[in-house]
Structures are given as structure tokens and as C-alpha cells.
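Fold the following, please.
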Amino acid sequence: MRVACIGECMVEFAQEDGSLFRRGFGGDTLNTALYLSRLGVLTSYVTALGDDPLSAMMLAAWQAEGIETAEVLRVEGRVPGLYMIERDARGERSFLYWRDRAPARELFDRADPAMLDRLSRFEVIYLSGISLSLYGETGKAKLRELLTVARKRGARVVFDGNYRPRGWASREVAQRAFRAILPLVDIALPTLEDEQMLFGDADASVCLRRFRDAGVAEIVIKRGPRGCLIHADGVLVDIAPPAVLQPVDTTAAGDSFNAGYLAARIKGAPPRKAALAGHRLAGAVIMAPGAVIPANAMPQDILTSSEAS
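Okay, here's the model as predicted:
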């Protein structure tokens, strides 16, 4: 089963000690794509990059992780966006961005009909609220058309809300975009804190109701150290993480949970066991700086242990 992850990867500068920063590459859907690939899922990344050395380094790094890059557009004379992560004493992070002219914003303006047809034939299409924030109204309309066609061909659409206010002209614009995409979503992986920020949800039950009313069949509400709340097949379950950890860096906690959960579901695990796989992977990621942990720091047997739980 092939997964297409749509979004943006940027140059990342993550704070390490004092005023020192480490350069890497990251972006929410790219983080998920990378961890999916490490978990043995056939994964393509779908974005637009420049023709500069940093873009070439990104492609090489993704290919080294086993990520397919055939659907990455290259735009002459352009460079990717950049972001900087600063962490406080609790491991919580804040971001600064330089991305207004990133070519990823023009993906659906530049994608030709043949590319859109290829994308519609993937078995799973994964995107986030940050993906949505990249595109103008024409781009979002083309994205919705792509998802509609893909679902008719049997694809499942997976959506992580991942609301970041700085990416949107206003809260109301973001709300409209989210409401327009939800009827096309099969699996939703929202974070409660983000949904509360965007929609003012009083609690998880209000959040859950909005997704159910939109017709989403499988809903996994992430709640940080409290674990996740899952609604699937008419059953509501609360899954706590195996352990409560003091994070070093929470960057990509949700992205990695999504990868663990989705990989387990693709490989046949039920939602409860898939959530345990997500918790295990996220638990490892938050104990190291930056969005991407070394391959040798990946927890062993994430998927098989979840199946045996």
C-alpha cells in the first residue's frame, strides 16, 4: 500500500546548547513520511523545491531514507523555506519562519493533469492543516478535486489538523478551509490543543462531534501526555501512553505518533494497537532534539509489539 504525503519541507535550525543551532530538514508531513518509510511503508513525498544546493541535499536525504521523490517538482531559481526552533526549559518549542516565497506554495499551481492523475492512484493520501495553509484558493480547490477523485478510486485520505495561526490570514479563513476538507477525510488525527485554538472546543467531546458530523469515520484526538481518544467503528476508547516522560524536545511528537499509528493501521492492526505504536514512536522522538531522531534510536519492533499487545 502506497502513501503520498503532501506538504512542505524546510531547512531547519534547531537549538542545541546555548546559542548553537544544528541544521537539518523538517516539516510536519515530511517528518511523518520519513517515519512511515522507516517503518516499512512505501511512501512518496509530494512538494515543490528549488534548483539550489539545499534542495538537492533535501532530495538526497529523503532518498537515503527510502522516500520516493518522483512527485517532487523543481522550480528554477528558487530556494526552500527556512525555520528556526527554540526550546524552553520544559522542552516546549517556538518557531520562527522564513517561507513566504517557498516553491512548495505553488505545488498545485504547477502540477499538470498527469501528475494529479498519478497522485489520485495512491492508496493513502496524507496531508495536514499546514499543507492547507500553503495554497491559495485555486490550489486548495485543486487539492479537494484530487482527494475527491482519489477516494472514488478507493484511496483513504488522512488529515492531521496541525493548526498554526501564523500560516493563515485569519482564524476564520482557516476554519473555512478545515470545514471544506473534512467531508473528504477518512482518518483524522487532530491535536486537541490545536482544535481548541482554532474552533474554541470546550473539551474532546466537542472536537469529536465536529469530526463525526463531517462524516469522518476514524478519529484519533491526540492529547499530549494524556494519550489519545479514538472513535472508530462506533466505539470510543481512551489510550494512555505506556509512560509519562519529561521531553527533551516536543518537535514532531504528533507527526511521529501519526506515522506509528498509520503504519500499524496499514499493516492490519486495530486502532487500539495502532495507538500504542504511535505512542511508542512519539515517546522516543520527544527524548531527542529536533524533528528527526537517528535511525539507530528508533524503538525496536514498534509494529509487532503493538500487534501483540
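
which of the residues in stretch 121-128 are buried?
Neighbour-count burial for stretch 121-128 flags 122, 124-128 (criterion: 16 or more other Cβ atoms under 10 Å). Glycine gets a C-beta too; all of them are placed from N, C-alpha and C.

Give me the contact list for it.
Contacts to stretch 121-128, defined as Cβ atoms under 8 Å, 6 or more residues apart in numbering, come from residues 1-7, 28-29, 32-33, 44, 119, 143, 146-147, 150, 153-162, 258, 262, 266.

returning to that earlier point: of the buried residues of stretch 121-128, which is the nearest to Ile85?
Checking the buried residues of stretch 121-128 against Ile85 by Cβ to Cβ gives Ser128 as the nearest, at 17.4 Å.

The closest one bridge partners, please.
Beta-bridge partners for Ser128, by DSSP bridges, are Asp160.

mind checking how far it is from Ala295?
Ser128 sits 23 Å away from Ala295, going by Cβ to Cβ, to the nearest Å.

where along the stretch 101-250 of the chain do the strands fall?
Here the stretch 101-250 of the chain has its strands, by DSSP state E, counting those that start in this stretch, at 124-128, 156-160, 187-188, 218-222, 228-232, 235-239.

what angle do the fifth one and strand 218-222 make?
Strand 228-232 runs at 170 degrees relative to strand 218-222, counting by axes from the mean of the first three to the mean of the last three Cα atoms, to 10 degrees.

between strand 228-232 and strand 235-239, how many degrees?
160 degrees.

Dump the host helix or strand of Trp62 to CSV, restricted to CA.
Following DSSP states H and E, one finds Trp62 within helix 53-64. Provided in CSV are the C-alpha atoms of helix 53-64 (Å, rounded to 0.1, in the frame of the first residue of the first chain):
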residue,chain,number,x,y,z
PRO,A,53,22.1,23.0,-3.4
LEU,A,54,19.9,22.8,-0.3
SER,A,55,17.0,21.4,-2.3
ALA,A,56,19.4,18.9,-3.8
MET,A,57,20.5,17.9,-0.3
MET,A,58,16.9,17.5,0.8
LEU,A,59,16.2,15.2,-2.0
ALA,A,60,19.3,13.1,-1.3
ALA,A,61,18.4,12.9,2.4
TRP,A,62,14.8,11.7,1.6
GLN,A,63,16.0,9.2,-0.9
ALA,A,64,18.5,7.9,1.7
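
Helix or strand next in line after it, which one?
Next along from helix 53-64, by DSSP H and E: strand 72-75.

Which positions in whichever helix or strand comes after that next one come out as buried?
Downstream of strand 72-75, the first helix or strand assigned by DSSP H and E is strand 82-87. Neighbour-count burial for strand 82-87 flags 82-85, 87 (criterion: 16+ other Cβ under 10 Å).

next SSE after strand 82-87?
Proceeding N to C from strand 82-87, the next assigned helix or strand is strand 93-98, under DSSP H and E.
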